[in-house]
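S.K.: next one to model:
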Amino acid sequence: MQAAGYRVLSVMTPQQAARSYARLEYKMQLFAGRLASHHVLDQLAQLDRNAETLGARLNRRLRVIYGRIIRRFPGARAYLKPLARRIVPLLTPGYRL
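M.R.: Residues are numbered from 1 along each chain as shown. Coordinates of the predicted model:
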């Protein structure tokens, strides 16, 4: 139908809209009740963390560890940087250190 140029619209009565909204609100409350915080930005951050792939989580954790080592032992950069340059592309293609 849409390929022929027709548009599809949903038509509903005010009662149907109210019922649909009530269902949506109920689902949202159930979903939000299982998140750690009531703040929307914290909820988004939690969902983003949970949606990360294993490779992305590993990459983020390795970057944190790499940063801690370099801050504590700046001289280790000369030895770790070549290793990091080989590992990072394996975890996330297109990422540059």
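S.K.: what residue lies at the spatial centre of the chain?
M.R.: Asp48 (2.4 Å; CA atoms, centre = their mean).
S.K.: name the element it belongs to?
M.R.: Following DSSP states H and E, the helix or strand that holds Asp48 is helix 40-51.
S.K.: and the helix or strand just after that helix, C-alpha only, in CSV?
M.R.: Using DSSP H and E, the next helix or strand after helix 40-51 towards the C-terminus is helix 54-72. Extracted in CSV, the C-alpha atoms of helix 54-72 (Å, rounded to 0.1, in the frame of the first residue of the first chain):
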residue,chain,number,x,y,z
LEU,A,54,31.4,-8.0,25.8
GLY,A,55,34.1,-6.6,23.6
ALA,A,56,33.0,-3.0,24.4
ARG,A,57,33.0,-3.7,28.2
LEU,A,58,36.4,-5.3,28.0
ASN,A,59,37.7,-2.4,25.9
ARG,A,60,36.4,0.2,28.4
ARG,A,61,37.8,-1.7,31.4
LEU,A,62,41.2,-2.2,29.7
ARG,A,63,41.4,1.6,28.9
VAL,A,64,40.7,2.4,32.6
ILE,A,65,43.4,0.0,33.7
TYR,A,66,45.8,1.4,31.0
GLY,A,67,45.1,4.9,32.3
ARG,A,68,45.7,4.0,35.9
ILE,A,69,49.0,2.3,35.1
ILE,A,70,50.2,5.3,33.0
ARG,A,71,49.3,7.8,35.7
ARG,A,72,51.1,5.8,38.3
